[in-house]
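>>> this one's sequence-less:
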Ligand code: PMP
């Protein structure tokens, strides 16, 4: 009976926006959802994306379905962008040339995580998937629904507002051989704290020793340095290990939601690096078999924008890189402004400056976050993660003052 269905709790992140929308306080601030806002608090469309849309509007003559795994043009654009790294990644280039990368357009990053989850559940030997503690809340939900068994590995020490690298290594080493391990490529969500290249080296040594299957999630490529080509050290190193035959395969979930601002266009990809061209063929066929009964084929508007931006004849690549750099620059500015306005005598806020990406992981307790909401109409998730694009010149002092008051109490 339908009347017996229990009420499901609202989504932890999207529920925040619902509550924010209902609040009548004109000073209210939404620091919940990770979507970019400009200095006047408004969402934007990247100018380069608008240009690409103009080209698309003028040239598009049909709205036919794309392939189950998207168009070749989109797949090649992604491969060139991520694995060839504009000519700098010789190993990635070699893997492309040897047909050892299977790329499929997916329904943004979430869709790619779900597709790889289903794929691994169907074809990989182990169900155990290790995710950092903490991680983006939807990771656990997606992988559980895909039939995998997510379990946490140590990542962050909340009491120190810092990475807990010693425990990270220890907890990974204690996991069963052959587990799947989820790695955030950059701008770890929610903490904003990434591993250094040296620390990645140590983690990848464990990955090889334990025969883990690396599954990389890259939703914020470009948000660490401002340049997407600089934020893929982990991918380049993994490609090198594959070429050196020290690693057989890995998978990459990638999204254009944030770095092209294509959120609702749902544009992203899954790539699986394989041992051989024959393996690629089989994997691609199985991805098609898996996707076809779920959503048949991905949406085309966002993927065509991506195709145009990466198509040299349109000359839009540099404009896009500049647009992205500007977005990341503003986030870094508000991060520093928030830091400047916080009272450092009652709390050490230095960790804010070490974090990268769309968020600051404040270290505030759930009680403090609730107090901010109830007393100041500042909305954030109860883990103390603030999406800093909600901060601007008009509200940064109000916000800092609210935080200072709540910390003092
Ligand atoms: N992975 C991480 C870590 C994310 O933060 C997000 C977006 N919040 C995603 C994946 C997926 O985003 P989308 O489905 O919008 O591409």
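All right, it came through fine. Model, not experiment: these values are computed from the prediction. Residues are numbered from 1 along each chain as shown.
>>> C-terminal to the helix or strand bottoming out on mean pLDDT in the chain, what's the next element?
In the chain, the helix or strand scored least confidently by mean pLDDT, DSSP states H and E is helix 14-22, which has a mean of 87. As assigned by DSSP states H and E, the chain's next helix or strand after helix 14-22 is strand 29-30.
>>> Tell me which residues are up against the helix or strand just after that next one.
The helix or strand immediately downstream of strand 29-30 is helix 47-59, counting by DSSP H and E. Applying C-beta atoms under 8 Å, 6 or more residues apart in numbering, the external contacts of helix 47-59 come out as 260-262, 301, 304-305, 308-309, 314, 316, 319-320, 322-323. All C-beta atoms are positioned from the backbone trio N, CA, C, and that covers glycine.
>>> Ok, stretch 22-36 next?
13-14, 16-17, 20, 43-44, 189, 258, 261, 263, 327, 331, 358-359, 376-381, 386-391, 395, 398-399.
>>> now stretch 194-208
Taking C-beta under 8 Å, 6+ apart as the rule, stretch 194-208 contacts 163, 165, 168-169, 172-173, 181, 183-184, 186-188, 212, 214, 224, 233-234, 237-238, 241, 246-247, 356.
>>> how about the closest residue to residue 276 other than its chain neighbours, what does it touch?
Spatial nearest neighbour of residue 276, chain neighbours left out: residue 100 (6.7 Å); criterion: C-beta to C-beta, 6 or more residues apart in numbering. Residues in contact with residue 100 (C-beta under 8 Å, 6+ apart) are 242, 273, 274, 275, 276, 277, 279, 280.
>>> What are the buried residues along stretch 86-100?
Neighbour-count burial for stretch 86-100 flags 89, 91, 92, 93, 95, 96, 100 (criterion: 16 or more other C-beta atoms under 10 Å).
>>> which one of those residues is nearest residue 136?
Nearest to residue 136 out of the buried residues of stretch 86-100 is residue 92 (C-beta to C-beta; 25.5 Å).
>>> Figure out the helix or strand that the closest one lives in.
For residue 92, the element it lies in under DSSP H and E is helix 90-97.
>>> so the helix or strand following that helix versus helix 90-97, what angle?
Remark: after helix 90-97, the chain's next helix or strand is strand 101-107, criterion DSSP H and E. Calculated by axes from the mean of the first three to the mean of the last three C-alpha atoms, to 10 degrees, strand 101-107 forms an angle of 80 degrees with helix 90-97.
>>> Could you see whether the ligand lies near strand 101-107?
No. Contact between strand 101-107 and the ligand is absent, the nearest approach being 7.4 Å (criterion: C-beta under 6 Å from any ligand atom).
>>> neighbouring contacts of that strand?
So strand 101-107 is contacted by 66, 68-71, 74-75, 78-79, 83, 92, 95, 112, 115, 253, 266-274, 280, 283-284, 287, 291, 295, 298-299, 303 (C-beta under 8 Å, 6+ apart).
>>> who in the protein is up against the ligand?
34, 108, 109, 110, 136, 189, 217, 219, 255, 257, 263, 268.
>>> what comes into contact with the helix or strand harbouring the fourth one?
Following DSSP H and E, the helix or strand that holds residue 110 is helix 108-123. Under the contact criterion C-beta under 8 Å, 6+ apart, helix 108-123 has outside partners 104, 106, 127, 129, 138-139, 142-143, 145-148, 180, 213, 215, 217, 219, 251, 253-257, 262-263, 265-270, 272, 286-287, 290-291, 295, 298.
>>> repeat that with 7 Å
Residues outside helix 108-123 that contact it (C-beta atoms under 7 Å, 6 or more residues apart in numbering) are 106, 127, 138, 142-143, 146-148, 180, 215, 217, 219, 251, 253-255, 257, 266-270, 286-287, 290-291.
>>> Can you give the distance from it to the centre of its chain?
Counting by C-alpha atoms, centre = their mean, to the nearest Å, helix 108-123 is centred 15 Å from the centre of its parent chain.
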